[in-house]
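Student: below are the sequence and a predicted model for it; my questions follow.
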Amino acid sequence: MSTYDFMDLLKDKGHVPEIIEQELDIIEEFEQSVNEVIEFFEEATMDYDFIDLLQDKGYAMVSLASNDNEPIYSVAG
C-alpha cells in the first residue's frame, strides 16, 4: 500500500536534505519488504475457514437423515 504523505511533498518540493532522503529510502525499502511478508501470509491464510479448522481438529461432516438441513459434525474416527 503506497500513500503520499507530508514527507513526500517536502521531497517533491526539494525541502528535504540529501541525508534525510537516503534515510527515508532505507525506511521505505524496509516498510515495503515488511508489507510483502504480510501480503504473503495474508494470501496463504485467506482460503482457510472454520470448516478447515474443524477438519484439522479431527471433526468431519456426517450425513444423517433428519428433518433439519443443518450439517452435523462429529469426531472422525
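Tutor: Yep, that arrived.
Student: from here on, contacts and neighbour counts on C-alpha atoms
Tutor: Will do.
Student: tell me where the model's unsure across this structure.
Tutor: 1, 18, 20-21, 62-77 (pLDDT under 70).
Student: ranges for the strands of it?
Tutor: Along the chain, counting by DSSP state E, strands occupy 59-62, 72-75.
Student: any idea how far Tyr4 lies from Met46?
Tutor: 28 Å (CA to CA, to the nearest Å).
Student: now do Met7
Tutor: For Met7 relative to Met46 (CA to CA), the value is 34 Å.
Student: can you check Ile38 too?
Tutor: From Ile38 to Met46 the distance is 12 Å (CA to CA).
Student: of the two, give the one with the bigger neighbour count.
Tutor: Ile38 (12 against 9; other CA atoms under 10 Å).
Student: how many other residues sit next to Asn35?
Tutor: Count around Asn35 with other CA under 10 Å applied: 13.
Student: next: Gly58.
Tutor: Gly58, neighbours per other CA under 10 Å, totals 12.
Student: neighbours of Phe40, how many?
Tutor: Phe40, neighbours per other CA under 10 Å, totals 12.
Student: kind regards, and thank you for your time.
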